[in-house]
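Undergrad: Sequence and predicted model, in that order:
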Amino acid sequence: MKNVAAFFVFGAVLPFSLGQSRPTVSIKKQFLPVYLGDTIVLTCSGGGSVKWYFDSTVIPDQTQQNYIVIIKSISAQGRYVCERNGMKSEAFQLKVEDAFPPEILVIQSGDSVVYKDDSVHLALYVDNDWKNWMCYVYKNQSLYRVMIKDYPKTGPLEFMTSSVEKTSEPYIYWCKNKITNATSSTVVLSVTDRWTQLVPHPALPELGKQLELECIVRGAPKIRNVIFYKDGKAMLTPKNNVKYLIENIRKTDEGNYECQATYTFQASTSNSEFTVKSEPHKVFGIEVTLVAVMSYTSGNPVCTCSKCRSGGKSEFYEIVNGHYKKVNSGYQYHLPQGKYACRVRWDTGASSFSLPLSGGLSSVGYMGSGICTSVVCESSVCDTNT
């Protein structure tokens with residue numbers, strides 16, 4: 001891994017004037033524009049408990065000054081109002097792009113669920129102009145800038161997060177180009193102090209695609225039993241299986257998931273057994289309309305998106321341990337052995353990632369319920385007769 005470093009310049013959110021009685025809803029300009037899959041923060045001026053409304057309807061269980069919004073669909077676009085001390089703000093109109101961000105910030109090593117005091121290695125995949133990119137983190141109800149010490153000559157812009165602390169809110173990372181105003185996707189880190197962790201792969205799943213939930217225990221112990229729960233109810237899983245697979249995420253699959261592991265430490269002489277449940281993880285799916293399809297034509301990888309705007313550029317990513325790593329452009333006409341996905345990108349947006357395909361010399365095929373042994377594959381379940 002490159003020798004990378006990150007430094008943080010801290011700044012606090014300035015309070016509104018004490019003479020201002022009517023609250024206002026605002027968003028930091030660094031979050032704009034807003035895309036599918038983003039996690040943003042809306043702020044209600046003033047202090048104390050507040051009530052939030054979306055298109056005149058009360059948002060349940062939202063009483064904090066800062067409202068963390070996950071953009072799960074284009075329907076998140078609309079009018080947001082906050083109420084404090086019986087006074088409502090003017091409506092804040094949120095606009096959401098019907099696409100994913102044009103650039104992608106990903107976890108290179110580590111997971112989206114992080115044990116306290118640990119760090120995560122992030123990478124921003126941009127083709128050039130690295131020094132015009134600034135990266136940010138929202139944590140502890142404030143916005144901070146990540147100062148990058150070393151910029152690459154080639155490859156992604158990489159940095160390590162600071163050591164994370166256990167907080168009630170997640171850490172939100174993203175990057176922005178100060179010249180073009182282009183933004184990257186957001187990476188959201190949840191921090192835990194429990195030895196058992198429920199980790200999703202991918203961290204941001206889409207409706208209709210696969211989601212794998214993995215139960216991880218720190219310290220590489222010997223795991224005797226794992227139980228997965230949805231909304232407090234135990235789910236049927238094979239004994240000792242540390243992974244729970246949702247083949248095709250639907251609205252009915254959304255909910256709060258947990259896992260409980262019973263284990264012993266292999267180096268321990270006492271044979272003491274521990275049973276620890278993870279913190280709950282909220283599972284949801286992103287609704288997408290711009291879907292990419294990866295296929296092979298005459299042995300070469302092809303990425304298409306029928307509903308995307310014209311002039312888009314195809315990008316290919318290798319999927320390693322649930323993480324996306326952009327493929328060097330020199331490999332785009334021959335992908336080495338591995339698992340890959342693609343997306344179509346233009347200056348102001350991008351499609352979703354395609355379903356994963358295998359690559360290599362011997363055969364290609366979708367990594368799903370179908371196997372494709374031919375060099376042409378156009379759907380999630382391959383037709384071996386084509």
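TA: Here it is on my side, so go on.
Undergrad: if I look at N271, how far off is V242?
TA: When distances are taken as CB to CB, to the nearest Å, N271 and V242 turn out to be 21 Å apart. In short, each C-beta sits where N, CA and C put it, glycine included.
Undergrad: And the two? Which one has more around it.
TA: Counted by other CB atoms under 10 Å, N271 and V242 do not tie: V242 has more neighbours, with 15 against 7.
Undergrad: Pretty sure the more buried one sits against C215.
TA: Yes: using CB atoms under 8 Å, V242 and C215 qualify as a contacting pair, with a distance of 4.7 Å.
Undergrad: list the residues that contact both of these two?
TA: 223, 226, 261 (CB atoms under 8 Å, 6 or more residues apart in numbering).
Undergrad: burial measure for S89, as a count.
TA: For S89, the neighbour count with other CB under 10 Å is 21.
Undergrad: typed the wrong thing, it's L211
TA: By other CB under 10 Å, the residues close to L211 number 23.
Undergrad: Show me the beta-bridge partners of it.
TA: I246 (DSSP bridges).
Undergrad: That one contacts P200, correct?
TA: Yes: counting by CB under 8 Å, a contact exists between L211 and P200, whose distance comes to 6.2 Å.
Undergrad: joint contacts of the two?
TA: In terms of CB under 8 Å, 6+ apart, L211 and P200 are both contacted by the residues V283.
Undergrad: How far does stretch 145-155 stretch from one end to the other?
TA: Chord length of stretch 145-155, first to last residue, is 22 Å (CA to CA, to the nearest Å).
Undergrad: what is the mean pLDDT for it?
TA: Averaged over stretch 145-155, pLDDT sits at 85.
Undergrad: same question, stretch 203-223
TA: 92.
Undergrad: And for stretch 311-327?
TA: With pLDDT averaged residue by residue, stretch 311-327 scores 90.
Undergrad: Endpoint to endpoint, that stretch covers what distance?
TA: With CA to CA as the measure, the ends of stretch 311-327 fall 20 Å from one another.
Undergrad: Could you give me the buried positions within it?
TA: 312, 314-319, 323-327 (16 or more other CB atoms under 10 Å).
Undergrad: Same question for stretch 89-105.
TA: For stretch 89-105, burial by neighbour count (16+ other CB under 10 Å) applies to 89, 92, 94, 96-97, 99-105.
Undergrad: Can I get that stretch as CSV, trimmed to CA atoms?
TA: Provided in CSV are the C-alpha atoms of stretch 89-105 (Å, rounded to 0.1, in the frame of the first residue of the first chain):
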residue,chain,number,x,y,z
SER,A,89,-39.1,26.9,9.3
GLU,A,90,-39.6,27.8,5.7
ALA,A,91,-39.6,24.8,3.4
PHE,A,92,-36.1,23.7,2.2
GLN,A,93,-36.4,22.2,-1.3
LEU,A,94,-34.0,19.3,-1.8
LYS,A,95,-33.1,18.3,-5.3
VAL,A,96,-31.8,14.8,-6.0
GLU,A,97,-30.1,13.7,-9.2
ASP,A,98,-31.5,10.6,-10.8
ALA,A,99,-28.0,9.1,-11.0
PHE,A,100,-25.1,8.1,-8.9
PRO,A,101,-22.2,10.5,-8.3
PRO,A,102,-19.7,10.7,-11.3
GLU,A,103,-16.7,9.8,-9.1
ILE,A,104,-16.4,7.0,-6.6
LEU,A,105,-14.9,6.9,-3.2
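Undergrad: mind checking how far it is from the chain centre?
TA: Between the centre of stretch 89-105 and the centre of its host chain there is 15 Å, according to CA atoms, centre = their mean, to the nearest Å.
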